[in-house]
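>>> here is a sequence together with a model predicted from it:
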Amino acid sequence: MRLGLILLLVLLWATPVAAQDPARIQSDVREGQRLMGEGRAAEAEPRFARAAADAAALWGDASPDAGSLRLLHANAVEDQGRLAEAETLYRDALAALERATEPGHPRRGWALNDLGLNLHKQGRHAEALEVMTRAVELRAASEGPEAPPTLTSLNNLASILRALGRFQESAEIQRRILAVREATLPSDHPELGLTLNNLGAVLLDLDRPDEAREVLRRAHAVRVRALGDDDPLTAQTLILLAEALALDGRLDAAWSMQGAAVDALERADAPLDLAAALSARADLALVLGRPEEARGAAGRALDLRRRHLPPGHPDVAAALTVLADVHLSAGDAGAALPLLEEALELTRLSLGPDHVNALRILSLLGLAEGELRRGDRAIERLKQASDLAERALPPDHLGRLATTADLGAALAAARRPDAALPLLRQAGTALVARRASSRDGARDREDGALRHVWRLTVTAAWDAAHSD
């Protein structure tokens, strides 16, 4: 009798409390969700982990509830920046749900959405696209094409397409989402602010700053009402709106707006959002002739991204590019060159050889090689940039015109006026057409570019006329 009693006591002790009382699962989930809502993911994590383990012991490892609780556990891990660890949990949860539910079950859509978003955060955008497309299709079929979960996955899909450089597709999806949310949500709903913000961002990518500015003003107004001035999401919108203002020639207003956003993100302890803001700050500081501030902001942005992102993440490459631009603007092409070479390798490995993010890197590499008096290598890099711009950007996009002009300038400097002239004339003609339809602030910026191209064109024409 004593041996049997001891064995029974051992079995009872080894069985989780939840196997006898599911109330602990409910309590852990409620407390974990409360902690997540307060931004305390580290404290929520053990609650969700225990709830998931208890559910597996009570209902089986492949039960729908055990799989769903693994998703909550993964969310808490991801919110602490442990992206690879969270990916494993998401994949385990998806596998459990695929064993426990019928095809098309909404919980599968939840798991696919969260896994796709995790891959996107890791910079693995091509993988994320495949997973998120499955999430959209499943949610549209099971919950409806305009249901909130479907719109959430559509928004994530649009963000992934933007990261892949597929700007027009991203914008079209964001407009679809906006039409539904404007018709169904209050004017101060956070999801409406999110959609406006994301649409404004991709309009900037499409070189449509006037339209972007109006959309981003709406996004900022919604987010201030819904979230407050100091929320990191409001600060994100301010950074984008500052970029739109800078493109309109309102540089001082943009600088002030950026400063307010950076201060808010410093207070919020949002390192990756802060890194993005600091990179934008460095770019604007260069335009304003504030090189020391540009260097400090770019250096901090790179440090934050190296510390908080996987080593091969494309956002690390973007931060390297900004810091290299700072060095190049200071006349230090030797310091810029290795940063740009690392950025190009990272971008091509993570995003592919034809991603639009490589455009700025190749252009700066061409300028750096030119500063180092390596004319042939400069022309080679700028030709790569020009070819990429033709494939990736619309004909009148300012980035495409700039690469055409840069290549023309390099050819002119190499005493190849016959090759330079057609490119410079092409860029000048397109800039004249842009100027005719630009607002006053943007027109000032484009006037400067146009004068520069005209000077280069006159010089190249003179050289061509006197080449004999």
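Thanks, I have the structure now.
>>> gap between the strand or helix carrying T403 and the chain center?
Per DSSP states H and E, T403 falls inside helix 398-413. Centroid displacement of helix 398-413 relative to its chain, using CA atoms, centre = their mean, to the nearest Å, is 27 Å.
>>> dump the helix or strand that it is followed by to PDB, restricted to CA.
Under the assignment DSSP H and E, the closest C-terminal helix or strand after helix 398-413 is helix 417-436. Extracted C-alpha coordinates of helix 417-436, given in PDB (Å, rounded to 0.1, in the frame of the first residue of the first chain):
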ATOM      1  CA  PRO A 417      31.600  63.900 -74.400                       C
ATOM      2  CA  ASP A 418      29.800  62.000 -77.200                       C
ATOM      3  CA  ALA A 419      28.700  59.400 -74.700                       C
ATOM      4  CA  ALA A 420      27.900  62.000 -72.000                       C
ATOM      5  CA  LEU A 421      25.800  64.400 -74.000                       C
ATOM      6  CA  PRO A 422      22.700  62.200 -74.800                       C
ATOM      7  CA  LEU A 423      22.400  61.200 -71.100                       C
ATOM      8  CA  LEU A 424      22.700  64.800 -69.900                       C
ATOM      9  CA  ARG A 425      20.200  66.100 -72.400                       C
ATOM     10  CA  GLN A 426      17.800  63.300 -71.400                       C
ATOM     11  CA  ALA A 427      18.100  64.200 -67.800                       C
ATOM     12  CA  GLY A 428      17.700  67.900 -68.500                       C
ATOM     13  CA  THR A 429      14.600  67.500 -70.600                       C
ATOM     14  CA  ALA A 430      13.000  65.300 -68.000                       C
ATOM     15  CA  LEU A 431      13.800  67.800 -65.200                       C
ATOM     16  CA  VAL A 432      12.300  70.600 -67.200                       C
ATOM     17  CA  ALA A 433       9.100  68.600 -67.600                       C
ATOM     18  CA  ARG A 434       9.100  67.800 -63.800                       C
ATOM     19  CA  ARG A 435       9.700  71.500 -63.000                       C
ATOM     20  CA  ALA A 436       6.600  72.600 -65.000                       C
END
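>>> how about helix 417-436: buried residues?
Neighbour-count burial for helix 417-436 flags 417, 419-421, 423-428, 430-431, 434-435 (criterion: 16 or more other CB atoms under 10 Å). (Each C-beta comes from the backbone N, C-alpha and C, glycine too.)
>>> report all helices and strands that it contacts.
helix 398-413, helix 440-465 (3 or more CB pairs under 8 Å, 6 or more residues apart in numbering; DSSP states H and E).
>>> looking at these, which has the lowest confidence?
For these, mean pLDDT drops lowest on helix 440-465, to a mean of 54.
>>> now do the helices in the stretch 251-400 of the chain.
251-268, 271-287, 291-308, 314-329, 333-351, 357-371, 375-392, 398-413 (DSSP state H, counting those that start in this stretch).
>>> with distance to T234 and mean neighbour count added, can I get these in CSV?
Putting the helices of the stretch 251-400 of the chain into CSV (distance: least, CB to CB, whole Å; neighbours: other CB atoms under 10 Å) gives the following:
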stretch, distance to T234, mean neighbour count
helix 251-268, 7, 18
helix 271-287, 11, 22
helix 291-308, 20, 19
helix 314-329, 21, 24
helix 333-351, 29, 20
helix 357-371, 26, 24
helix 375-392, 31, 19
helix 398-413, 28, 24
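>>> dump those helices into TSV; add distance to V202 as well.
Output for the helices of the stretch 251-400 of the chain, formatted as TSV (distance: least, CB to CB, whole Å):
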stretch	distance to V202
helix 251-268	19
helix 271-287	15
helix 291-308	22
helix 314-329	16
helix 333-351	17
helix 357-371	14
helix 375-392	14
helix 398-413	15
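>>> looking at these, which is closest to L241?
Closest of those to L241 is helix 251-268, at 6.4 Å (criterion: CB to CB).
>>> now the closest one: mean pLDDT?
Across helix 251-268, the per-residue pLDDT values average to 96.
>>> list the contacts of that helix.
Residues lying outside helix 251-268 but in contact with it, judged by CB atoms under 8 Å, 6 or more residues apart in numbering, are 229-232, 234-236, 238-239, 241-243, 245-246, 273-274, 277-278, 280-281, 284, 287-288.
>>> so that helix versus helix 291-308, what angle?
For helix 251-268 against helix 291-308, the angle by axes from the mean of the first three to the mean of the last three CA atoms, to 10 degrees is 40 degrees.
>>> what's the angle from helix 251-268 to helix 271-287?
Going by the same axes, to 10 degrees, helix 251-268 makes 160 degrees with helix 271-287.
>>> is S187 in a helix, a strand, or coil?
The three-state label given to S187 by DSSP: H, G, I helix; E, B strand; the rest coil is coil.
>>> from A297, how far out is it?
For S187, the distance to A297 equals 35 Å [CB to CB, to the nearest Å].
>>> and for E390?
32 Å.
>>> just P148 next, same as before
38 Å.
>>> swap in P291?
11 Å.
>>> in stretch 146-161, which residues are buried?
For stretch 146-161, burial by neighbour count (16+ other CB under 10 Å) applies to 146, 149-161.
>>> what is the nearest of these to L349?
I160 (17.9 Å).
>>> so what's the closest one up against?
116, 120, 125, 128-129, 132.
>>> in helices, which of these fall?
Judged by DSSP state H, helices contain the following of the contacts of I160: 116, 120, 125, 128-129, 132.
>>> can you add neighbour count and give those back as CSV?
Formatted as CSV, these follow (neighbours: other CB atoms under 10 Å):
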residue, neighbour count
G116, 27
H120, 21
H125, 24
A128, 24
L129, 19
M132, 27
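>>> ok, so of those, who is nearest A318?
Among those, and counting by CB to CB, the member closest to A318 is H125, at 13.3 Å.
>>> quick one: S170 and D205, what's the gap?
Counting by CB to CB, the gap from S170 to D205 is 8 Å.
>>> and for H397?
Relative to D205, and taking CB to CB, H397 is found at 9 Å.
>>> quick one: contacts for the residue most central in space within the chain?
The centroid of the chain falls nearest to A163 when counting by CA atoms, centre = their mean (5.8 Å). Each residue near A163 by CB under 8 Å, 6+ apart is listed here: 120, 125, 314.
>>> for D315, same thing?
123, 272, 275-276, 305, 309.
>>> Serialize the ones in helices among the contacts of I160 to TSV and add fields for distance to E371.
Shown next, in TSV, are the ones in helices among the contacts of I160 (distance: CB to CB, whole Å):
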residue	distance to E371
G116	42
H120	36
H125	33
A128	38
L129	38
M132	42
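>>> quick one: these as JSON lines, columns for distance to D252 and pLDDT too.
As requested, those are arranged in JSON lines below (distance: CB to CB, whole Å; pLDDT from 0 to 100):
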{"residue": "G116", "distance to D252": "41", "pLDDT": "98"}
{"residue": "H120", "distance to D252": "35", "pLDDT": "96"}
{"residue": "H125", "distance to D252": "36", "pLDDT": "95"}
{"residue": "A128", "distance to D252": "38", "pLDDT": "97"}
{"residue": "L129", "distance to D252": "40", "pLDDT": "97"}
{"residue": "M132", "distance to D252": "40", "pLDDT": "98"}
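>>> quick check, nearest of the residues you listed to H327?
So of those, ranked by how close each gets to H327 (CB to CB), first place is H125, at 28.1 Å.
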